[in-house]
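Chemist: let me see the structure of the following:
(one chain, ligands or ions: 1)
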Amino acid sequence: MPSSKGGTPGRARTAMRCGSGASPTRLGWESVHGPWLWVMARFCHIVAKRPTPWRVRIPDRGVRCTGNGPGGTSDPQELGMTTIGFIGSGNIGSTVARLAVAAGHDVVLSNSRGPQTLQDLVSELGPKARATTPAEAAAAGDIVVVTVPLRAYRDVPAEPLAGKVAIDTNNYYPERDGVFDELEDGSSTTGELLQKHLPQARVVKGFNNIWFEHLRSLARPAGSADRSVLPIAGDDAAAKQAVTELFDSLGFDTVDAGPLAENWRTQVDTPAYVNPYGTYGVLPGTPASIQLVREALAAAKPAA
Ligand SMILES: NC(=O)c1ccc[n+]([C@@H]2O[C@H](COP(=O)([O-])OP(=O)(O)OC[C@H]3O[C@@H](n4cnc5c(N)ncnc54)[C@H](OP(=O)(O)O)[C@@H]3O)[C@@H](O)[C@H]2O)c1
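Modeler: All right, here's what the predicted structure looks like:
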């Protein structure tokens with residue numbers, strides 16, 4: 001005799017009825033269809049709870065959608081996949097790739113040593129990830145994350161990035177990268193250097209002011225009270241919009257930090273560098289509100 005204790009009450013009642021040998025006529029329509037009603041109710045509950053897909057507008061390439069987030073569409077005609085290419089797959093690259101796969105994107109990784117050295121990461125990320133050369137990752141990406149040590153920025157392949165949004169995470173550490181006079185004297189910025197190297201790409205500075213571990217730990221769904229804000233800088237409004245939508249899908253809001261000429265506002269040793277998100281090396285970090293990030297950007301001083 002089935003017990004009505006524990007489990008789903010409705011299911012227990014249904015089991016008792018089924019085990020009783022009572023005929024459909026005696027128990028009526030609801031009893032016969034009870035299990036199906038329960039299954040359909042669960043299905044509707046799951047569908048209703050499923051977040052709407054978000055959308056990323058790739059400049060000149062129409063709307064592309066995938067993953068979960070606000071402001072999306074469920075129109076199958078509009079649904080498609082967004083592929084994120086990576087030139088560099090180290091601390092920042094692999095962290096962004098993990099967030100991207102979690103959000104439903106495809107990722108194409110690359111580094112300097114060759115795709116065979118990225119197999120562990122690809123295995124961890126699963127079927128939405130693959131590794132290839134930098135040129136092929138650049139060609140494959142709808143949006144491409146350039147995340148190499150600054151000293152290597154001239155190796156980034158220009159031709160396959162023509163017309164594409166390139167997110168520049170790079171920071172300048174002279175002890176690591178060598179001395180760049182134009183950065184020392186403040187006549188240029190890291191974002192401008194990459195833009196000059198990729199004249200036909202749409203460079204947007206982003207991800208550069210947050211420690212990669214905080215990037216991982218502070219990602220939150222849209223609408224969360226403790227969602228953090230990341231600044232972006234760039235000269236192309238459509239590219240900034242695409243990056244804003246991408247960041248939204250990854251778990252962050254954005255604030256416009258101005259053109260590439262002003263990306264010194266988030267460079268190393270400014271108030272907006274790491275500080276809004278907590279202390280470098282200390283997890284889990286602290287969520288950074290738009291007000292906090294705006295104040296930090298406003299307090300920054302140019303290099304020279
Ligand atoms: N770490 C952070 O928390 C953080 C935060 C914000 C911004 N950033 C900045 O973001 C950039 C990347 O930082 P990271 O910490 O991720 O560095 P990382 O862990 O050292 O990774 C660098 C990646 O770039 C690849 N790479 C190096 N030279 C290359 C080349 N010529 N062509 C293609 N790929 C190349 C490396 O591949 P191989 O290993 O095969 O050489 C590696 O995958 C730096 O400019 C850094 O300052 C870092």
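Chemist: where does the residue in the stretch 201-304 of the chain that the ligand sits nearest to fall, phi/psi-wise?
Modeler: Distances between the stretch 201-304 of the chain and the ligand by C-beta to the nearest ligand atom are smallest at F212, namely 3.6 Å. The C-beta positions use only the backbone N, C-alpha and C, and glycine is treated the same way. Note on F212: backbone dihedrals following degrees, to the nearest 10 are phi -60, psi -30.
Chemist: roughly how far is stretch 133-141 from the heart of the chain?
Modeler: Taking the mean of its C-alpha atoms, stretch 133-141 sits 18 Å from the chain's own mean (C-alpha atoms, centre = their mean, to the nearest Å).
Chemist: what's the neighbour count on the residue of the stretch 201-304 of the chain closest to the ligand?
Modeler: When neighbours are counted by other C-beta atoms under 10 Å, F212 registers 17.
Chemist: verify the stated contact: it with A97.
Modeler: No - in this structure F212 lies outside contact range of A97 using C-beta atoms under 8 Å: 11.2 Å.
Chemist: what does the stretch 51-200 of the chain put close to the ligand?
Modeler: 87-93, 111-113, 117, 134, 147-150, 152, 155, 169-171 (C-beta under 6 Å from any ligand atom).
Chemist: in the stretch 1-150 of the chain, what residue is nearest the ligand?
Modeler: Closest to the ligand within the stretch 1-150 of the chain is G90: 1.9 Å, counting by C-beta to the nearest ligand atom.
Chemist: need phi/psi at that residue.
Modeler: Backbone geometry at G90, expressed as degrees, to the nearest 10, gives phi -90, psi -140.
Chemist: mind checking how far it is from Y172?
Modeler: In this structure, G90 and Y172 are 17 Å apart, going by C-beta to C-beta, to the nearest Å.
Chemist: contacts only, for the residue of the stretch 201-304 of the chain closest to the ligand.
Modeler: By C-beta atoms under 8 Å, 6 or more residues apart in numbering, the contact list for F212 reads 91-92, 95.
Chemist: switch to 10 Å and redo it
Modeler: With contact set as C-beta atoms under 10 Å, 6 or more residues apart in numbering, F212 has these partners: 90-96, 147, 169.
Chemist: all helices for the protein, in order.
Modeler: Taking DSSP state H, the helices of the chain run over residues 9-20, 24-49, 91-102, 119-125, 134-140, 174-177, 181-184, 190-197, 212-217, 237-250, 290-299.
Chemist: least confident of the ones you listed, on average?
Modeler: Within those, confidence is poorest for helix 9-20, with a mean of 29 (mean pLDDT).
Chemist: so what's the residue count around the closest residue to F247 other than its chain neighbours?
Modeler: Using C-beta to C-beta, 6 or more residues apart in numbering and skipping the chain neighbours, the partner closest in space to F247 is T254 (5.1 Å). Neighbour count of T254, defined by other C-beta under 10 Å: 21.
Chemist: excluding sequence neighbours, find me the nearest residue to the most centrally placed residue in the chain.
Modeler: Centroid-nearest residue in the chain, with C-alpha atoms, centre = their mean: L250, separated by 2.8 Å. Leaving out its chain neighbours, the residue that sits closest to L250 by C-beta to C-beta, 6+ apart is L99, at 4.3 Å.
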